[in-house]
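Student: Below are the sequence and a predicted model for it; my questions follow.
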Amino acid sequence: MTTAVPVPRWAAEADAHTLDWCTRYGLLSGPETAERFRRARFGTLAARTHPEASQESLPVLADWFAWAFVLDDHLDTGAHVPGQAGTPGVRRTSGLLAEFAAIVEGRAPVDGHAPVRLQPMTRALDDLWHRTFATMTAAVRHRTVRHLREYLDALAMESGQRRRGRIPTLPEYVALRRVTGGVREDLDFADHLADRSLPDGLFEHPWHLELLAAAGDVINWTNDLASWRKEQACGEVHNLVLVLAHHTGRPPEEAAELVRHRIAERRDRFEGLTGHPPHPLLARRATALRQWADGFQAWLADTDRYRAPAG
């Protein structure tokens, strides 16, 4: 899982598209935020992790990446959610996640019995919902909605821990990170847009679930390794390096070495599984996950996202 994935020729167009889309929906609070977003290159991330995506589907995948990373920044740092200036952080976060859940479940967000005025992040999600889910079969939509709801519940759990100043245990963090990382949800979208969604029987196959967990650990912990300094500077604790440092009493630099060893172990497990796929469609899934991991690693050389704040 180390070979670099070539960037499709329309990656730059996807970068420009996500910047325009986020700007139109009011997700970027000013010129500095927009410039940081531009340098993050989320369109390139989508292109690298999905090198076989069509020119039509890539902007949709790129917008999902952009939406999730913008949300992650708001939840991690306590930054203003666009359109919610002056709202207490706990109320702002819980209200926002409730709106997301309503969109995902096909309900109209309400306050009591009255419809609410949708926040920019929710309006953006509503746009993605209609662009992605309109052509899904009932079975694929049901599974994807379940995954998205689990993702939102995991974000709410992180938010609660952050509010209480609680650092999760290592097993808690590993389980939570597999959901908040969003790899599973991203593949739901990519598979649907490419008309290759797995049937439920294969998706729930124990081999596939273990493969997905191993690849997700490699991808998400690689992210943690790249981002721990930035997140530490922001006071964030949901990062494997920082969780290990807290619970082992080691300096973060030493904990980072432990994370590198854990990533290598999970990569080995992934490669061991890929040698014995129980079905041709699952062999194709293994290829997609390898492309995802390789593409993410390559994107780390493209992006400025994980530079720690100056000062």
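Tutor: Thanks, I have it. Predicted model, so just to flag it, every value in this text is computed and none were measured. Numbering: from 1, shown residues only.

Student: Show me how far the helix or strand residue 66 falls within is from its chain's centre.
Tutor: Element membership for residue 66, per DSSP states H and E: helix 58-77. Taking CA atoms, centre = their mean, to the nearest Å, one finds the center of helix 58-77 at 7 Å from the center of the full chain.

Student: Check which helices and strands it is in contact with.
Tutor: Counting contacts by 3 or more CB pairs under 8 Å, 6 or more residues apart in numbering; DSSP states H and E, helix 58-77 is packed against helix 11-24, helix 31-40, helix 42-49, helix 120-133, helix 138-164, helix 183-193, helix 206-234. The C-beta positions use only the backbone N, C-alpha and C, and glycine is treated the same way.

Student: So which other helices or strands are in contact with the helix or strand following that helix?
Tutor: Downstream of helix 58-77, the next assigned helix or strand under DSSP H and E is helix 89-104. Judged by 3+ CB pairs under 8 Å, 6+ apart, the packing partners of helix 89-104 are helix 120-133, helix 138-164.

Student: about what we covered before: buried set for the helix holding residue 66?
Tutor: 58-76 (16 or more other CB atoms under 10 Å).

Student: Give me the mean pLDDT for it.
Tutor: If you average the pLDDT over helix 58-77, you get 89.

Student: Let's see that helix as CSV, backbone CA atoms only.
Tutor: Extracted in CSV, the C-alpha atoms of helix 58-77 (Å, rounded to 0.1, in the frame of the first residue of the first chain):
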residue,chain,number,x,y,z
LEU,A,58,-15.4,13.2,-9.3
PRO,A,59,-16.9,16.6,-8.3
VAL,A,60,-19.6,14.9,-6.2
LEU,A,61,-17.0,12.9,-4.4
ALA,A,62,-14.8,16.0,-4.0
ASP,A,63,-17.8,17.9,-2.5
TRP,A,64,-18.4,15.1,0.1
PHE,A,65,-14.7,15.3,1.1
ALA,A,66,-14.8,19.1,1.3
TRP,A,67,-18.1,19.1,3.4
ALA,A,68,-16.7,16.5,5.8
PHE,A,69,-13.4,18.3,6.3
VAL,A,70,-15.0,21.7,6.8
LEU,A,71,-17.3,20.1,9.4
ASP,A,72,-14.3,18.4,11.1
ASP,A,73,-12.6,21.7,11.5
HIS,A,74,-15.7,23.3,13.1
LEU,A,75,-16.1,20.4,15.5
ASP,A,76,-12.4,20.1,16.3
THR,A,77,-11.6,23.7,17.0
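
Student: for stretch 179-194, what is the average pLDDT?
Tutor: 95.

Student: hmm, who's touching it?
Tutor: 49-50, 52-54, 57, 60-61, 64-65, 68, 132, 135-136, 140, 143-144, 147-148, 150-151, 154-155, 158, 178, 197-198, 212, 215-216, 219-220, 223, 238, 285, 288-289, 292 (CB atoms under 8 Å, 6 or more residues apart in numbering).

Student: Ok, stretch 132-147 next?
Tutor: 60, 64, 104-105, 184-185, 188-189, 192-193, 197, 199-200, 203.

Student: hmm, back to that, tell me the buried residues within the contacts of stretch 179-194.
Tutor: 49-50, 53, 57, 60-61, 64-65, 68, 132, 136, 140, 143-144, 147-148, 151, 154-155, 158, 178, 197-198, 212, 215-216, 219-220, 223, 238, 285, 288-289, 292.

Student: about what we covered before: would JSON lines of the helices and strands packed on helix 89-104 with distance to residue 262 be doable?
Tutor: Listed next are the helices and strands packed on helix 89-104 as JSON lines, based on distance: least, CB to CB, whole Å:
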{"stretch": "helix 120-133", "distance to residue 262": "33"}
{"stretch": "helix 138-164", "distance to residue 262": "20"}
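
Student: Just say which of the ones you listed is most tucked in.
Tutor: Highest mean neighbour count among the helices and strands packed on helix 89-104 (mean count of other CB atoms under 10 Å): helix 120-133, with a mean of 19.

Student: now the angle from that helix to helix 58-77?
Tutor: For helix 120-133 against helix 58-77, the angle by axes from the mean of the first three to the mean of the last three CA atoms, to 10 degrees is 150 degrees.

Student: Alpha carbons of helix 120-133, as CSV, please.
Tutor: The C-alpha coordinates for helix 120-133 follow below in CSV (Å, rounded to 0.1, in the frame of the first residue of the first chain):
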residue,chain,number,x,y,z
PRO,A,120,-25.3,26.6,5.5
MET,A,121,-23.7,23.3,6.4
THR,A,122,-27.1,21.7,6.4
ARG,A,123,-28.1,23.3,3.1
ALA,A,124,-24.9,22.0,1.6
LEU,A,125,-25.6,18.5,2.9
ASP,A,126,-29.1,18.7,1.5
ASP,A,127,-27.6,19.5,-1.9
LEU,A,128,-25.2,16.5,-1.7
TRP,A,129,-28.1,14.3,-0.5
HIS,A,130,-30.1,15.0,-3.6
ARG,A,131,-27.1,14.8,-6.0
THR,A,132,-26.0,11.4,-4.6
PHE,A,133,-29.1,9.6,-3.3
